[in-house]
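# The sequence and its predicted three-dimensional model are supplied below.
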Amino acid sequence: MNSSEKKRYDYLFKIFSVGKSEIGKSKYLQTALGIDQEKKPIGVEHYVHYFDIATPDPEKTTILAQIWDFSGKKRFQCLSSKFVMGSSTNLVFYDLMDVTSIDIAKDYVDFIDTKLGIDPRKPIMLVGIYDNGKNEQVIELADNLFEQIQENREYAEHFQVSTNKDQQKILHLSGPSEIVHSDLPYDAPIRACAEAAYFDKISAEV
Ligand SMILES: Nc1nc2c(ncn2[C@@H]2O[C@H](COP(=O)(O)OP(=O)(O)OP(=O)(O)O)[C@@H](O)[C@H]2O)c(=O)[nH]1
Ligand SMILES: [Mg+2]
């Protein structure tokens, strides 16, 4: 896109994606955002995406989402912790077959809560990837983590996604493991971030 083709937008928000390494975060984001990327990102990759969102304003509101896709590899963790301070909202990923991915997701949630201020708490979308199945213990731990995320936070959602080509499906959960939607567009968790960032900003202004 050259400068004359640049789209107009009303708000720009930074969405940070974090979580354990090698669980498919980049694969999901690249697929959901329609980014054709042969190579796996190293360290941090940056994507932009426009979302039109329904707001009380009669004119539609266009959000420019900057999505920062951080590697969960140990040697890059300092990057995400340094940058996370500038985020409007966070996508925190875990793997439904991997207990340690929940510990790592919880560390990120604790970090976000400590570093980004508690009044109001920044929105978090928890996203589980179930490419290889679902483990009962992980399901329970994820429900507990989501409860922690919801505490004193207005904008939080829990999604589960598969990145397998033949079943790219998004599940939206409410209370413990209760599925409320199973037919959402594939970019629903990212759109939820953009919407939460908008409403979080508007509510802070009034
Ligand atoms: N990024 C990416 N990975 C793919 C794709 N197709 C298959 N993979 C494989 O999917 C696995 C998960 O890769 P990623 O999505 O890059 O994992 P990640 O969670 O982003 O890992 P880190 O960036 O190290 O934190 C790897 O083994 C990749 O080789 C694709 O189109 N994009
Ligand atoms: Mg990655």
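Nice, thanks for sending it over. Numbers count the residues shown, from 1 in each chain. Ligands and ions are numbered 1, 2, ... in the order given.
# Please make it C-alpha for all contacts and neighbour counts, starting now.
OK.
# Tell me who's in contact with the spatially most central residue of the chain.
When the chain is reduced to its mean C-alpha position, the closest residue under C-alpha atoms, centre = their mean turns out to be residue 91, at 2.1 Å. Taking C-alpha atoms under 8 Å, 6 or more residues apart in numbering, we find residue 91 in contact with 15, 16, 17, 18, 124, 125, 126, 127, 189, 190, 193.
# Quick check, pLDDT for the last one.
Note on residue 193: pLDDT of 95.
# ok, back up a step: most neighbours among the contacts of residue 91, which one is it?
Using other C-alpha atoms under 10 Å as the neighbour test, those are led by residue 124, with 29 neighbours.
# which residues touch that residue?
89, 90, 91, 92, 149, 155, 156, 157, 193.
# what does residue 32 give?
By C-alpha under 8 Å, 6+ apart, the residues touching residue 32 are 186, 187.
# Ligand 1 versus that one, what's the distance?
Going from residue 32 to ligand 1 by C-alpha to the nearest ligand atom, to the nearest Å gives 11 Å.
# you'd agree residue 93 is up against residue 105?
Yes - using C-alpha atoms under 8 Å, residue 93 is in contact with residue 105, at 6.5 Å.
# Tell me which of those two has more neighbours.
Neighbour totals were compared for residue 93 and residue 105, and residue 93 leads with 29 against 23 (other C-alpha under 10 Å).
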